[in-house]
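>>> Have a look at this fold, sequence not included:
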(Lines give C-alpha, C1' and ligand atoms only; values in the text may rest on other atoms or scores of the structure.)
Protein backbone atom coordinates (compact mmCIF):
# COMPACT_ATOMS: atom_id res chain seq x y z
CA UNK A 1 0.00 0.00 0.00
CA UNK A 2 1.50 3.35 -0.99
CA UNK A 3 1.42 6.48 1.15
CA UNK A 4 -1.07 8.25 -1.09
CA UNK A 5 -3.77 5.67 -0.36
CA UNK A 6 -3.72 6.66 3.34
CA UNK A 7 -4.31 10.35 2.64
CA UNK A 8 -7.75 11.92 2.65
CA UNK A 9 -8.40 13.30 -0.83
CA UNK A 10 -11.74 15.07 -0.36
CA UNK A 11 -11.85 17.70 2.37
CA UNK A 12 -14.26 20.47 3.30
CA UNK A 13 -12.82 23.98 3.12
CA UNK A 14 -14.37 27.44 3.06
CA UNK A 15 -14.84 26.86 -0.68
CA UNK A 16 -16.80 23.65 -0.08
CA UNK A 17 -15.80 20.09 -0.91
CA UNK A 18 -12.27 20.31 -2.26
CA UNK A 19 -9.52 18.00 -3.53
CA UNK A 20 -6.91 18.17 -0.75
CA UNK A 21 -3.83 20.17 -1.66
CA UNK A 22 -5.52 21.85 -4.63
CA UNK A 23 -7.95 24.66 -5.38
CA UNK A 24 -10.16 22.23 -7.30
CA UNK A 25 -13.60 21.73 -5.82
CA UNK A 26 -15.86 18.76 -6.38
CA UNK A 27 -18.18 21.24 -8.08
CA UNK A 28 -15.46 21.77 -10.71
CA UNK A 29 -15.38 18.00 -11.22
CA UNK A 30 -19.19 17.89 -11.30
CA UNK A 31 -19.19 20.34 -14.23
CA UNK A 32 -17.35 17.72 -16.26
CA UNK A 33 -19.36 14.79 -14.88
CA UNK A 34 -22.63 16.52 -15.78
CA UNK A 35 -21.31 17.25 -19.29
CA UNK A 36 -20.56 13.55 -19.75
CA UNK A 37 -16.77 13.75 -19.77
CA UNK A 38 -15.02 10.44 -19.00
CA UNK A 39 -13.06 10.46 -15.74
CA UNK A 40 -9.71 10.04 -17.54
CA UNK A 41 -10.20 13.23 -19.58
CA UNK A 42 -11.53 15.10 -16.55
CA UNK A 43 -8.47 13.95 -14.60
CA UNK A 44 -6.14 15.28 -17.32
CA UNK A 45 -8.06 18.54 -17.73
CA UNK A 46 -8.01 19.32 -14.00
CA UNK A 47 -4.45 17.99 -13.58
CA UNK A 48 -5.37 15.45 -10.96
CA UNK A 49 -3.52 12.19 -10.56
CA UNK A 50 -5.28 8.86 -11.03
CA UNK A 51 -5.56 8.27 -7.28
CA UNK A 52 -7.14 11.67 -6.66
CA UNK A 53 -9.62 11.17 -9.49
CA UNK A 54 -10.58 7.70 -8.30
CA UNK A 55 -11.13 8.98 -4.76
CA UNK A 56 -13.16 11.96 -5.97
CA UNK A 57 -15.39 9.76 -8.15
CA UNK A 58 -15.81 7.30 -5.27
CA UNK A 59 -16.76 10.17 -2.94
CA UNK A 60 -19.27 11.53 -5.45
CA UNK A 61 -20.88 8.10 -5.84
CA UNK A 62 -20.98 7.47 -2.09
CA UNK A 63 -22.40 10.92 -1.29
CA UNK A 64 -24.32 11.59 -4.51
CA UNK A 65 -27.34 13.37 -2.94
CA UNK A 66 -25.15 15.66 -0.80
CA UNK A 67 -22.75 16.52 -3.64
CA UNK A 68 -25.52 17.11 -6.17
CA UNK A 69 -27.42 19.29 -3.69
CA UNK A 70 -24.37 21.43 -3.01
CA UNK A 71 -23.58 21.54 -6.73
CA UNK A 72 -27.07 22.87 -7.50
CA UNK A 73 -26.63 25.51 -4.78
CA UNK A 74 -23.26 26.55 -6.24
CA UNK A 75 -24.82 26.86 -9.71
CA UNK A 76 -27.67 28.96 -8.32
CA UNK A 77 -25.24 31.25 -6.51
CA UNK A 78 -23.19 31.66 -9.69
CA UNK A 79 -26.32 32.49 -11.67
CA UNK A 80 -27.42 35.07 -9.09
CA UNK A 81 -23.94 36.63 -9.11
CA UNK A 82 -23.98 36.79 -12.91
CA UNK A 83 -27.41 38.49 -12.94
CA UNK A 84 -26.25 40.96 -10.28
CA UNK A 85 -23.13 41.97 -12.22
CA UNK A 86 -24.95 42.05 -15.56
CA UNK A 87 -27.53 44.42 -14.12
CA UNK A 88 -24.96 46.51 -12.28
CA UNK A 89 -22.78 46.92 -15.39
CA UNK A 90 -25.53 47.14 -18.03
CA UNK A 91 -25.51 50.96 -18.20
CA UNK A 92 -21.73 51.18 -18.26
CA UNK A 93 -21.38 48.52 -20.96
CA UNK A 94 -24.06 50.27 -23.04
CA UNK A 95 -22.11 53.55 -22.81
CA UNK A 96 -18.87 51.82 -23.77
CA UNK A 97 -20.50 50.08 -26.75
CA UNK A 98 -21.95 53.39 -27.96
CA UNK A 99 -18.54 55.09 -28.06
CA UNK A 100 -16.99 55.35 -31.51
CA UNK A 101 -14.15 52.94 -32.16
CA UNK A 102 -10.64 54.33 -32.34
CA UNK A 103 -8.82 53.91 -35.65
CA UNK A 104 -6.66 51.02 -34.44
CA UNK A 105 -9.64 49.23 -32.91
CA UNK A 106 -11.63 49.44 -36.14
CA UNK A 107 -8.89 47.64 -38.07
CA UNK A 108 -8.68 44.96 -35.38
CA UNK A 109 -12.45 44.48 -35.38
CA UNK A 110 -12.46 44.05 -39.16
CA UNK A 111 -9.65 41.50 -38.93
CA UNK A 112 -11.50 39.61 -36.19
CA UNK A 113 -14.71 39.61 -38.26
CA UNK A 114 -12.72 38.14 -41.18
CA UNK A 115 -11.31 35.37 -38.98
CA UNK A 116 -14.78 34.57 -37.65
CA UNK A 117 -16.10 34.32 -41.22
CA UNK A 118 -13.25 31.96 -42.16
CA UNK A 119 -13.86 29.82 -39.09
CA UNK A 120 -17.61 29.63 -39.77
CA UNK A 121 -16.94 28.67 -43.40
CA UNK A 122 -14.58 25.85 -42.33
CA UNK A 123 -17.27 24.31 -40.14
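Here it is on my side, so go on. Worth saying up front: this structure is predicted, and the values here are computed from it rather than measured. Numbers count the residues shown, from 1 in each chain.

>>> Under the pLDDT cut-off, which ranges of this protein? List them.
Counting by pLDDT under 70, the chain contains low-confidence residues at 1-6, 123.

>>> What's the biggest helix in it, counting residues?
Of all the elements of type helix in the chain, the one with the most residues (DSSP state H) is helix 64-98.

>>> Beyond that helix, next helix or strand please.
Sequence-wise, the next helix or strand beyond helix 64-98 is helix 103-122, with elements assigned using DSSP states H and E.

>>> I would like the residues contacting that following helix, please.
Counting by Cβ atoms under 8 Å, 6 or more residues apart in numbering, the neighbours of helix 103-122 from elsewhere in the structure are residue 101. Every C-beta, even on glycine, is put in place using the N, C-alpha and C of the backbone.

>>> quick revisit: so which other helices or strands are in contact with the longest helix of the chain?
The helices and strands touching helix 64-98, judged by 3 or more Cβ pairs under 8 Å, 6 or more residues apart in numbering; DSSP states H and E, are strand 16-19, helix 26-34.

>>> For the last one, buried residues please.
Taking 16 or more other Cβ atoms under 10 Å as the neighbour-count basis, helix 26-34 is seen to contain the buried residues 26-33.

>>> Residue 75: which of the residues you listed is nearest?
residue 27 (8.1 Å; Cβ to Cβ).

>>> do you know how far the closest one is from residue 21?
Computed as Cβ to Cβ, to the nearest Å, the residue 27 to residue 21 distance reads 17 Å.

>>> Now the residue most central in space within the chain. Nearest residue, chain neighbours left out?
Centroid-nearest residue in the chain: residue 28, 5.8 Å away (criterion: Cα atoms, centre = their mean). Nearest-residue entry for residue 28: residue 46, 6.5 Å, with adjacent residues in sequence omitted and distances by Cβ to Cβ, 6 or more residues apart in numbering.
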